[in-house]
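K.L.:
Got a sequence here, can you model it:
(2 chains)
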Amino acid sequence: MLTFSSFSTSTFAQASGGNSLLVASLFVIAAFVLIWMIIRVADNLLHLEGKNQQVDHRGISLLPKLGSIFQPRVPEPIVNSGNPVHILKQGYDIPLEGVAPSTHKPEIAEVTRFALQPKNYVGMSPIPKLMVEVGDEVKAGQPVFYDKLQPEVLYVSPVSGEFIELKRAEKRSIAEIIILADKDQKYVELNAPELEYADTEEIRAFLKANGGWSFIRQRPFHVVPSSDDVPENIFISTFDTSPMAPDLNMVVNGNEAAFQKGLDVLGKLTEGDVYLGLDGRGPNLPAEAFQGASGVKKHWFIGKHPAGNVGIQIHHIKPLKAGSKVWTLDVQDVITIGNMWVQNKFVADRIIALNGAELKTPKIVQTKIGANIGELLKGNIKEGDQRMISGDILTGQQKNADNFLNISDTQISVIKEGHYLEPFGWLIPSVPKPSISKSFPSILNPDKYEVDTNTHGERRAFVVTGQYEEVLPVDTYPQALLKAILNNDFETMEGLGLHELVEEDVALCEFVCTSKMPVQKILRDGLEMMRAQS
Amino acid sequence: MGLLDLLKRIEPDKQKSPFLHTLYDGFYTFLYVPDHTTKKGGVHVRDGMDLKRTMIFVVLAMLSCYLFGMWNIGHQHFVALGVHDGYLDAFLMKLMFGLIKLLPVIVVSFAVGLGIEFYTASKKGHGIEEGYLVSGALIPLIMPPDLPIWMLVMAIVFAVVIGKEAFGGTGMNIWNIALLARVFVFFAYPTTISGDEVWVAGLDGINAGDAVNYGWWETGFFNSIFEAFGWVTFDPAATVADGYTGATPLSLAYQGGWESVTNTYSASQMWWGAIPGSIGETSKPLILLGALLLLLTRIASWRIMLGMFIGAAITAVGLNIWGASPFMDVPWYYHFYMGSFFFAMAFMATDPVTASATSTGKWIYGLFIGFLGMIIRVMNPAYPEGWMLAILLMNTFSALIDHYVYQANIKKRLQRA
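P.N.:
Below is the predicted model of the structure:
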């Protein structure tokens, strides 16, 4: 105490007994900071050594992760499975009315017309080369068109029947190749190469020639891979968190053999690994086909939408580096590829959810790729002004009854149009609207919403910050990324990870945006800029 | 439906009279949320929150400060005259006095600011944007009650035209608009905003014997109403009482430290707000209630508020240790009782456009505002209060802080490769 008080008398103008206490506490704080710095340096050395030894050192650290204290409890079976678990805090599940109830016996929809839509594929030339003419009979699995720039990749018909109509859009581009299905379906015999003996080149050639290749999507840009692209890894998400999406556990029920075969095929296509993203949200565990899949690496994900998006999962499993290529597929596409071996034919069956509060009975149906929407929804739509959407309400495309289901979509959503004026709606809401904001008193709000397409406000400049980060579980700054795209700033765009994202990943950011920005469109513009550059 | 038909009939033509059309559009969207639906290529459903609603919540959070401020203007006026000392004495008269002083400022603030915004919007061809709702509501709360109206107009024109429209309108400004208006008055007309006498309204001066300055509203309008009810009335012959200093707590603290402050005001009086000062800044509990509303609805960032508080607290503790002047010896927790710290924290610093955008940036931004504001307040004799300048200074650097946060993220991504 004596040394402290003499020290303080000489150093500080007005020394008093209280000052020595402050000086003492300053020394204690300095000691803590020194110890913390030593631990930080040791931790960095640990990571450096891990890098030298080629050991996976990402999960190990000397410093405790503060966030892990407040994480939700992970169920026992998931922890015991020994696979990595990722808990994603950001995200939002929109509570919606009109969700189709899950069923193990989906009704078989009576649809007669199916269409291939070249515009569903990013980067497809506007006028692909047709291999059949109007009036020809085609079989299910028969090649119908290909892109001039990638002539080895053939796109095949989902059904057998007569090619009845070719619908064109602006500048003679092909919009729909419409086929009237036969009562009894005829299939092309595929004769797939035996997996154990075939080499990669044979399998690749087989898939390209018989329509399997067209299901693969390459990241970045979400395009169909070129003929000679080789992926570093392949990622599949086994649960779909988009609003009102059908339960994939129900979808894979009865198709387990085809799914596993599909995984085996994909395993042969890459030097790296096939990763499965498993649903850890509970309360039930995923289907055995997913949990027990062999030859793949599994990762558990717990979180709200977009935790089920494969792009988000890639970011947490093995973040994409600039210049790398990885492939992603949907579960139903893997089943179709598997069936090319198991059933020796192109089985284009799809389980589709017909959703939305504007349907009389939301239900799950079984149909095929490219089914006609009017026929699927026949007799099921209520009276009123509605919007039919192929896909979910965040990323889907508006369609009318003459149009057809888009290639990767697994649901049709029918919601009310929002052509109404709301007096003082911004001050006293008279229509229940879903929102992540806590400014809408929850006592006045329903559990589930009947949403409509009203924008609830006009477009403004970027004002509010921190909103996008709340619903995007990716380590980046989405608002800065969008501003970089709007400014054509390539370095910042790439630096902030534009190549890791695709429209469906930022769709929720667009939903929550207070300024009503067209986030997905801006992102697609950025991706097109990057694609043109590479 | 009658109102809607009337509105549709009087809609001015967009080509022939763009200014009138923008004016019409502004009021139309004020009355009704428009019937726009989501377009092709994006989400089909949008969140219920929009910018108007965000802004109106900030204004709602300030309303209690307005009401208290109105009463406080009257209370300080009568304390200076030495009459109606009790808080509830002549309650209505104090409130009406405050209303007489405040209402012209509010009306002019919105009329001038919105007028400029309407004009610029019509020139650019788009609808009016809501940025001025909050700034217009903040400006009366930070001005002295007796500010000449023409000075107010000059300040608002400066703030809106040069501070906002020149940069591109709502969402593009670098500096906080309300603070720009105040800083304009501060530097262009310093005598109207510094010193102790400006914070008490309706007097010719604050020396003993100075006369009151009443207009028709006080002596004619309200006196007739009050006489009819038999209540206390305004007395045009009243003069400033002996021994009244009118000093604000900060100027007292500068002269003589905490003892000097507590000689004139009690700590609880300073906390609850019956002291001279800017209209909105004095009542700390009401400001904190407003801040709580903004935090619960997640409209204001808790990181900026907490960062500012921690920065100010650490700096005040540091100054306590140094103790070179009586002001530095004011215990660090009493610093928050004086001046406009909480008001600046809740409403000025948290403006999302001018603050940093990233979470890390918000912490750094808040900490530096706390640090700089406390330094300016305590160590600078020219400025009694430091928050306006600290916030404007950090507004200049908020984009730079964000830039380094983005660069760190970019480097981390490159190193992953």
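
K.L.:
what sits against A:Val326?
P.N.:
A:218-219, A:231-235, A:314, A:318, A:320 (CB atoms under 8 Å, 6 or more residues apart in numbering or on different chains). All C-beta atoms are positioned from the backbone trio N, CA, C, and that covers glycine.

K.L.:
actually B:Gly168, not the one I wrote
P.N.:
With the criterion set at CB under 8 Å, 6+ apart, B:Gly168 makes contact with A:Ala461.

K.L.:
Next, it: phi, psi?
P.N.:
phi 130, psi 10 (degrees, to the nearest 10).

K.L.:
Check A:Ile412 too.
P.N.:
phi -120, psi 130.

K.L.:
Find the nearest non-adjacent residue to it, please.
P.N.:
Excluding the flanking residues, the one nearest A:Ile412 by CB to CB, 6 or more residues apart in numbering or on different chains is A:Leu354, at 5.3 Å.

K.L.:
Walk me through which strands the helix or strand where the one you found lies pairs with, and which way each runs.
P.N.:
According to DSSP states H and E, A:Leu354 maps onto strand A:349-355. Paired strands of strand A:349-355, with direction, are strand A:363-368 (antiparallel), strand A:411-416 (parallel) (DSSP bridges).

K.L.:
and for it, what are the contacting residues?
P.N.:
A:96, A:98-100, A:106, A:109, A:244-246, A:250-251, A:332, A:336, A:362-369, A:371, A:376-377, A:380, A:405, A:409-414.

K.L.:
which among those end up buried?
P.N.:
A:96, A:98-100, A:106, A:109, A:244-246, A:250-251, A:332, A:336, A:362-365, A:367-369, A:371, A:376-377, A:380, A:405, A:409-414 (16 or more other CB atoms under 10 Å in any protein chain shown).

K.L.:
Tell me how far the closest residue to A:Leu46 other than its chain neighbours lies from chain B.
P.N.:
Nearest residue to A:Leu46, sequence neighbours excluded (CB to CB, 6+ apart): A:Leu62, at 6.5 Å. Per CB to the nearest CB, to the nearest Å, A:Leu62 is found 19 Å from chain B.

K.L.:
can you tell me which residues contact A:Leu62?
P.N.:
A:Leu62 neighbours (CB under 8 Å, 6+ apart): A:39, A:42-43, A:46.

K.L.:
and those residues as a markdown table, adding pLDDT, secondary structure and distance to A:Ile302?
P.N.:
Listed next are these as a markdown table, based on pLDDT from 0 to 100; DSSP: H, G, I helix; E, B strand; the rest coil; distance: CB to CB, whole Å:
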| residue | pLDDT | secondary structure | distance to A:Ile302 |
| --- | --- | --- | --- |
| A:Ile39 | 89 | helix | 29 |
| A:Ala42 | 90 | helix | 31 |
| A:Asp43 | 86 | helix | 26 |
| A:Leu46 | 86 | helix | 28 |
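
K.L.:
OK, now which residue of the stretch 101-250 of chain B is nearest to chain A?
P.N.:
Closest to chain A within the stretch 101-250 of chain B is B:Gly171: 3.2 Å, counting by CB to the nearest CB.

K.L.:
In space, what's closest to that residue - neighbours in sequence excluded?
P.N.:
A:Ala461 (3.2 Å).

K.L.:
before we move on, what SS does the residue in the stretch 51-200 of chain A that chain B sits nearest to have?
P.N.:
As assessed by CB to the nearest CB, chain B sits closest to A:Ile94 within the stretch 51-200 of chain A, at 7.4 Å. What DSSP: H, G, I helix; E, B strand; the rest coil gives for A:Ile94 is coil.

K.L.:
So, low pLDDT: which residues of the stretch 201-350 of chain A?
P.N.:
Of all residues in the stretch 201-350 of chain A, none has pLDDT under 70.
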